[in-house]
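> Build me a model:
(one chain, ligands or ions: 1)
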Amino acid sequence: MMKRLVIFLFSVSYAAAVCISAKCETGRYQPNWESLDKRPLPEWYDKAKIGIFLHWGVFSVPSYGSEWFWSNWHGNNSIHVDFMKKNYRPGFTYQEFAPMLTAEFFNPDEWAKLFQRAGAKYVVLTSKHHEGFTMFPSKKSFSWNSVEVGPHRDIVGELGKAVKDHGLVFGVYHSLFEWFNPIYLKDKYELFATRDYPTTKLWPDLKQLINDYEPSVLWSDGDWEALDSYWNSTDFLAWLYNDSPVKDRIVVNDRWGIGIPCHHGDFYNCQDRYNPGKLQNHKWENAFTLDSKSWGWRRDLQLRDLMTLDDLIKEVVSTVSCGGNALINVGPTKEGTIAPIFQERLLSFGKWLRVNGEAIYESSPWQHQNDSRNTNVWYTCRKTSYDGLRPTSKPLKTDKVSATYAIFLKWPANNVLQVKDLTPYLHSGNFAVGMLGKAGETLNWTISNGLTYITLPDKATVRTEHAWALRITLK
Ligand SMILES: C[C@@H]1O[C@@H](Oc2ccc([N+](=O)[O-])cc2)[C@@H](O)[C@H](O)[C@@H]1O
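As a prediction, the model looks like this:
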């Protein structure tokens, strides 16, 4: 008895000891948030900055309203009910949409090439949205997956391979809950006192996804009806971090049960389109969709509902400046194409990045984010050696900064850019100011009354539009 107690106490203190140690690298993660939160963020994710998000599923067939079509229709939302009455015979079921998810033009290599030219470093695909239809041959989703019905293809597998072949990182979105899964609904009816759905459906699916496709992002969603103890989130994450084939590179978001978003996870999404405008203490991601009203493709999309290139650049620049990543969503069509209007937006953005990407990729937040005088200016910087995310409580070590970037979203009418937060910095050494896309040219600047005035080159000679980046380096 005594011996057992000693062994027990020893193993408890051992487990605790390894996990109090700075990074918990040597020990195993324990299935609790305190331990899981100690995991260092895999570097690739912070460096990548830009990802593409894809919402694709059976909802892409009615392609009307949003990806919430089934739930809205079922919930008697009038425009959805009218749409069905007008266009489909009485008694038509949502399941009957699935064979029409034909995907006959789906060319994963073309998609991967598009995302690469858009400047993305990672791609996240819906492996299953709230409708429950899996875009891979789930062993637990009988007749409700993309290999048995519709495309008759393993979409996750094909896209994953193409994305990796093009040097991008592959990730999957997965909805924890399913609107109409009877096993889930039974658990819910029991007020989540039973856990049949996570045990018999969710975790087998997730383990299959991780083991078979080895994604580097697991973007969890649909967590909000139940606690993490119902989902068993911490047990799963301990497995993912300790024993899964992707344990060293996988990153997960924060949607793991009521009260978890914005508190736990490798990076935080908080709300959709989360963009706090100031530096955050924890890695975060701004997930947003080019169509302001839907994540899935909808045929009723109007041009006015779409983000402009100016909107897109502003969203990305302000996000990266504050330590976030940008996950830009488009919805593919049921035929497996990406609408030309989305392609145009993405490719124009990629063109902007080819000139200005130096101020974005692998950058770090600088000591200021949004200039305190000129709100059209956002800062980033490059460090001599990557040192991860800086907590807001710790000042930036300026001797580690090899370049500071001031990205401005509006070209000043008089050709002179006026900012405030650069002034003390420019006083601290002998700096040269240049512009990305204008190699070799240095710009004149003066300081007066605490403000910095930078004389810009002739706008017509600059290789980029929409936003411009100044590079400030020691001479
Ligand atoms: C990415 C999106 O995620 C969810 O929607 C949410 C989830 C959480 C919040 N939130 O916390 O603010 C907002 C929308 C989904 O319902 C939606 O269809 C889409 O997949």
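
> and the stretch 51-200 of the chain, which residues reach the ligand?
67-68 (CB under 6 Å from any ligand atom). In this view, the C-beta of every residue, glycine as well, is placed from N, C-alpha and C.

> which residue packs closest to the residue in the stretch 51-200 of the chain positioned nearest to the ligand, ignoring adjacent ones?
When scored by CB to the nearest ligand atom, the stretch 51-200 of the chain has Glu67 as its residue closest to the ligand, at 4.8 Å. Beyond its immediate neighbours in the sequence, the residue positioned closest to Glu67 (CB to CB, 6 or more residues apart in numbering) is Gly296, lying 3.3 Å away.

> what about the one you found, which helix or strand?
Using DSSP states H and E, Gly296 sits in no helix or strand.

> State the number of residues packed around the residue of the stretch 51-200 of the chain closest to the ligand.
Residues near Glu67, counting by other CB atoms under 10 Å, number 25.

> and if you look at the one 5 residues further on?
Residue neighbour count, defined by other CB under 10 Å, stands at 18 for Asn72.

> Lys85 now?
When neighbours are defined as other CB under 10 Å, Lys85 has 11 of them.

> Equivalent analysis for the one 4 residues further on, please.
Neighbours of Arg89 under the rule other CB under 10 Å: 8.

> again with Lys186
Lys186 has 12 neighbours, counted by other CB under 10 Å.

> before we move on, what about Ala403?
For Ala403, the neighbour count with other CB under 10 Å is 18.

> which residues of the stretch 101-250 of the chain fall in helices?
108-117, 155-165, 182-189, 196-197, 203-213, 228-231, 233-242 (DSSP state H, counting those that start in this stretch).

> Figure out which of the ones you listed is closest to Lys38.
Checking the helices of the stretch 101-250 of the chain against Lys38 by CB to CB gives helix 233-242 as the closest, at 10.0 Å.

> List the contacts of whichever helix or strand comes after that closest one.
Once helix 233-242 ends, the next helix or strand along the chain (criterion: DSSP H and E) is strand 251-252. Applying CB atoms under 8 Å, 6 or more residues apart in numbering, the contact partners of strand 251-252 are 41-42, 45, 216-220, 237, 240, 265-267.

> rerun at 7 Å
With contact meaning CB atoms under 7 Å, 6 or more residues apart in numbering, strand 251-252 is reached by 41-42, 45, 216-218, 220, 237, 265-267.

> any idea which of those residues is the one closest to the ligand?
The closest of these, once distances to the ligand are taken by CB to the nearest ligand atom, is Ser220, at 10.0 Å.

> Count the residues that sit near the residue nearest to that closest one when sequence neighbours are not counted.
Closest residue to Ser220 apart from its sequence neighbours, by CB to CB, 6+ apart: Arg255 at 4.6 Å. Using other CB under 10 Å, Arg255 has 25 neighbouring residues.

> now Ser348
Residue neighbour count, defined by other CB under 10 Å, stands at 17 for Ser348.

> Do I have it right that Gly357 meets Lys121?
No. Contact criterion CB atoms under 7 Å: Gly357 and Lys121 do not qualify, at 10.2 Å.

> can you give me the strands in this protein?
All strands of the chain, identified by DSSP state E, fall at 50-54, 122-128, 169-175, 217-221, 251-252, 284-289, 324-330, 377-383, 401-408, 416-419, 431-435, 445-448, 451-455, 468-474.

> Pull up the pairing partners for the longest one, direction included.
The sheet places strand 401-408 alongside strand 377-383 (antiparallel), strand 468-474 (antiparallel), with pairing taken from DSSP bridges.

> Quick check: the gap between Phe53 and Arg28.
Using CB to CB, to the nearest Å, Phe53 is found at 32 Å from Arg28.

> between the two, which one's more packed in?
Under the criterion of other CB under 10 Å, the comparison of Phe53 against Arg28 puts Phe53 first, with 25 against 14.

> what's near enough to touch that one?
124, 287, 327-329.

> okay, among these, which ones form the most distant pair?
Spanning the widest gap among the contacts of Phe53 are Val124 and Ile328, at 10.2 Å by CB to CB.
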